[in-house]
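*Asks:* Sequence and predicted structure below; questions after.
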There are 2 protein chains.
Amino acid sequence: MKRPTIADIARRAGVSKVAVSYALNDRPGVSEAKRAAIKAIAKEIGWRPNSAARALNGAQARTVGLVVCRPARILGMEPFFMELISGIEGELSARRYALMLQVVTDHEQEIEAYRRWWGEGRIDGAILVDLHFDDPRVTELQALTLPTVVIGHPAESGSLVPVWSDDSSAVHETVRYLSALGHRRIARVGGLPQLVHTVLRDRAFDAVCEELGLTGHTIVHTDYTGEEGARATRRLVSSADRPTAIVYDNDIMAVAGLSVAQEMRLDVPGDLSIVAWDDSPLSQVVRPALTALSRDIPAYGAHAARRLMSLIAGDEVGGFEDEAARLTPRGSTAPPPAALSPAAALQ
Amino acid sequence: MKRPTIADIARRAGVSKVAVSYALNDRPGVSEAKRAAIKAIAKEIGWRPNSAARALNGAQARTVGLVVCRPARILGMEPFFMELISGIEGELSARRYALMLQVVTDHEQEIEAYRRWWGEGRIDGAILVDLHFDDPRVTELQALTLPTVVIGHPAESGSLVPVWSDDSSAVHETVRYLSALGHRRIARVGGLPQLVHTVLRDRAFDAVCEELGLTGHTIVHTDYTGEEGARATRRLVSSADRPTAIVYDNDIMAVAGLSVAQEMRLDVPGDLSIVAWDDSPLSQVVRPALTALSRDIPAYGAHAARRLMSLIAGDEVGGFEDEAARLTPRGSTAPPPAALSPAAALQ
DNA sequence: CCCCGTAACGTAACCGGTTCAGCCTGGGGG
DNA sequence: CCCCCAGGCTGAACCGGTTACGTTACGGGG
């Protein structure tokens, strides 16, 4: 049972292929009577346009590509990606666009996937995530002239359209808040140091700590896993002048850090305050619930997708700065232990 | 700058399109010398096959479809899906297959997506998840003759190829373990009651409780969210003869249940034992760490993908029963409080 | 009554590959 | 020395739509 084609419809309707094409695409050139008749036949025999044939005439693929370069296992754990994807999907599916997804292990493969998809006419646009400094993918995608939205800071997105949020101000808000509580030694457990947003957060962290005269600030880098978050916490907490507050770059690490602290008989927030970047059920469910930097990640993805749609439509599209993450104080932050607080120090 | 076609190569090489086609596809019909020359030119001008043109000749799309019918927000929270997808991806990317993903809100749309993709020649196969009883999607996919693997029990997968795991034995193991610890009143907080695996777990749970003479067993159904997990826990724990152990259908609910119990000043595991279905960093990171039913979800997805690949290749493919989840005891399970244990009852 | 504009349709070509049926050429066997 | 066959290659057709353009019929204005 072969798939019906417009030729089949044309035969049954006693008209030419062209008339059928016009009728089914709601274009002028056929009488309303014939249009209706043709549509009825099309529906009856279950005709569907063959996208390959359409694509051959330069039509759109109605698909956008997303390649994620991370070990598969991390992907499953990181709520960020899935939320981002669900946000993108929400926007795409409303416009009947599909998402082409591939997980790879290095940038070479990632570039290759984009090249292939674009070269083969399978995608109309792409979304780039996990921006690096001097990212080779940016150069490549620019060269391909593939409509692309970058989830990342405009400083490194070249001529591609960036969608980003002001992490710097979120860092400021967090450190100011901790400082106001009385903390003087704050540590930051950051993510992968090659990612642009990690470095921008690092810089902002250093800057605001200097500005507030907080001397004992430290930064540690990790791969976002709970294990490394736990290890970093263990090291920080057992150091000579241990921090009284730690800010983690994701919730997985913050939760891991929390349990390490509790294992080591530290009271959270009494002895140690904890802040998690990116809110999630995870942060809210542990005891104490974690003070977190919340943002609407699905909305973030939706913005990127919407930008990409415009870009594909041929519009001039500027970058978009999404809202910065908002600090949501919960039970994991409090003034530092008296002995370590500025008040005690002043006595 | 247009994309180069085989006609361009043919012109430069001074041969016909056909010779180029043969050469590039490593098929006999051209001398090795010409083949090499043609390949060199193709590489030089950066030629890529146009998949649309190939598809028009009945070639494969090298893509499989997956439609997930859940609210986008739940998707982001449930580690199961992302892990499943990463497992599927691992297998697909090794074979240079891509994954076409779409998130929808009802089965109508889901069926429509599969129909469209298949009808338009965009996918070679599909993966069906969240199997229901008398699932309309099974009927539809069978009718489409689209190669499909179902993640779900063979009893409901019709002629489609099932990949499943024996949840029943995992339920048995869990209940036996709790019973051996001395628990007599065990509750189960299950997932969506319309899903096949929920019902199969329910049945197994009832059966083994009867078998062991555990009288006070209860089952509650939820939508897998932490909120409903918490609510169910609150209700169970404040009932007249509260259970001494609760088994949750996912980790999100188990963790939510844990924090409800702790809020209500119940000691876990002293007053209440907790078991989570599906292990995750989440379960290991809370205090006490949760006793969990672990399975390798990425491997599960990989099996499904591999099956689907064979199916697409035209092989006869049987279903596959993956390993059952293994019970991993951790700190959240212990004998029930003495007053409630069988030993106390016998005195 | 004729001319011309236009709606309604058809014909042919095209998109970029693949496939099929030949057409040469050269070399080995009879 | 001729015939046949295989290897190497080409022209034309085809996949299923879209598009440019040509044709017909009809109707209104001059």
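*Replies:* Everything's here; your move.

*Asks:* So, low pLDDT: which residues of chain A?
*Replies:* Under the criterion pLDDT under 70, the flagged ranges of chain A are A:1-2, A:72-77, A:339-347.

*Asks:* Return the residues in contact with the most centrally placed residue in it.
*Replies:* Nearest to the geometric centre of chain A sits residue A:84, at 4.6 Å (C-alpha atoms, centre = their mean). With contact taken as C-beta atoms under 8 Å, 6 or more residues apart in numbering or on different chains, residue A:84 is in contact with A:129, A:151, A:297, A:298, A:300, A:301. The way it works is simple: take the backbone N, C-alpha and C, and place the C-beta from them, glycine included.

*Asks:* before we move on, what about residue A:179?
*Replies:* Per C-beta under 8 Å, 6+ apart, neighbours of residue A:179: A:186, A:212, A:214.

*Asks:* Run through the bridge partners of the first one.
*Replies:* Read it as residue A:186. residue A:245 (DSSP bridges).

*Asks:* My read is that it contacts residue A:248, right?
*Replies:* No: Residue A:186 is not in contact with residue A:248 according to C-beta atoms under 8 Å; the separation is 11.8 Å.

*Asks:* Checking my notes, residue A:301 in a helix, right?
*Replies:* Yes: under DSSP: H, G, I helix; E, B strand; the rest coil, residue A:301 sits within a helix.

*Asks:* ok, the host helix or strand of residue A:293 near chain B or not?
*Replies:* Residue A:293 belongs to strand A:291-294 when assigned by DSSP states H and E. No: counting by C-beta under 8 Å from any C-beta of the partner chain, chain B has no neighbours in strand A:291-294; the shortest distance is 13.6 Å.

*Asks:* Which secondary structure elements does that strand sit against?
*Replies:* strand A:273-277, strand A:326-328 (3 or more C-beta pairs under 8 Å, 6 or more residues apart in numbering or on different chains; DSSP states H and E).

*Asks:* who are the neighbours in contact with the residue nearest to residue A:203 when sequence neighbours are not counted?
*Replies:* In space, residue A:203 comes closest to residue A:168 once its chain neighbours are excluded; the distance is 7.6 Å by C-beta to C-beta, 6 or more residues apart in numbering or on different chains. Residues in contact with residue A:168 (C-beta under 8 Å, 6+ apart) are A:200, A:201, A:203, A:204.

*Asks:* can you give me the helices for the stretch 1-150 of chain A?
*Replies:* According to DSSP state H, counting those that start in this stretch, the stretch 1-150 of chain A carries its helices in the segments A:6-13, A:17-24, A:32-44, A:51-56, A:72-77, A:79-94, A:107-119, A:136-144.

*Asks:* Tell me which of those helices sits nearest to residue B:142.
*Replies:* For those, the distance to residue B:142 is smallest for helix A:32-44, at 21.4 Å, taking C-beta to C-beta.

*Asks:* can you pull the buried residues of the closest one?
*Replies:* A:34, A:35, A:37, A:38, A:39, A:41, A:42 (16 or more other C-beta atoms under 10 Å in any protein chain shown).

*Asks:* can you check stretch A:55-67 too?
*Replies:* Buried, per 16+ other C-beta under 10 Å, within stretch A:55-67: A:55, A:61, A:62, A:63, A:64, A:65, A:66, A:67.

*Asks:* burial of the closest residue in space to the first one that isn't next to it in sequence, as a residue count?
*Replies:* Right, residue A:55. Leaving aside its sequence neighbours, residue A:55 sits nearest to residue B:52 (C-beta to C-beta, 6+ apart; 3.5 Å). The burial count assigned to residue B:52 is 23, neighbours taken as other C-beta atoms under 10 Å in any protein chain shown.

*Asks:* how about residue A:156, what does it touch?
*Replies:* When contacts are taken as C-beta under 8 Å, 6+ apart, residue A:156 is in contact with A:131, A:132, A:133, A:134, A:135, A:138, A:196.

*Asks:* winner for burial among the helices of the stretch 1-150 of chain A?
*Replies:* Stretch with highest mean neighbour count among those: helix A:79-94 (a mean of 23; mean count of other C-beta atoms under 10 Å in any protein chain shown).

*Asks:* what's the offset of it from the middle of its chain?
*Replies:* Averaging C-alpha positions (C-alpha atoms, centre = their mean, to the nearest Å) puts helix A:79-94 9 Å from its chain's average.

*Asks:* residue of the stretch 101-250 of chain A with the smallest distance to DNA strand D?
*Replies:* Sorted by distance to DNA strand D under C-beta to the nearest atom of the strand, the residues of the stretch 101-250 of chain A start with residue A:121, at 12.3 Å.

*Asks:* which bits of chain A sit near DNA strand D?
*Replies:* Residues of chain A found near DNA strand D (C-beta under 7 Å from any atom of the strand) are A:2-3, A:5-7, A:17-18, A:21-22, A:24-25, A:47-50, A:53-54, A:56-57, A:59.

*Asks:* so which of those residues are also by chain B?
*Replies:* A:3, A:48, A:49, A:50, A:53, A:54, A:56.

*Asks:* Between those, which sits nearest chain B?
*Replies:* Taking C-beta to the nearest C-beta as the measure, chain B lies nearest residue A:48 of these, at 3.2 Å.

*Asks:* Could you find the closest non-adjacent residue to that closest one?
*Replies:* Nearest non-adjacent residue to residue A:48 (C-beta to C-beta, 6+ apart): residue B:119, at 3.2 Å.

*Asks:* hang on, isn't residue A:216 packed against residue A:243?
*Replies:* Yes: counting by C-beta under 8 Å, residue A:216 touches residue A:243, with 6.7 Å between them.

*Asks:* anything in contact with each of those two?
*Replies:* Joint contacts of residue A:216 and residue A:243 (C-beta under 8 Å, 6+ apart) are A:185, A:186.
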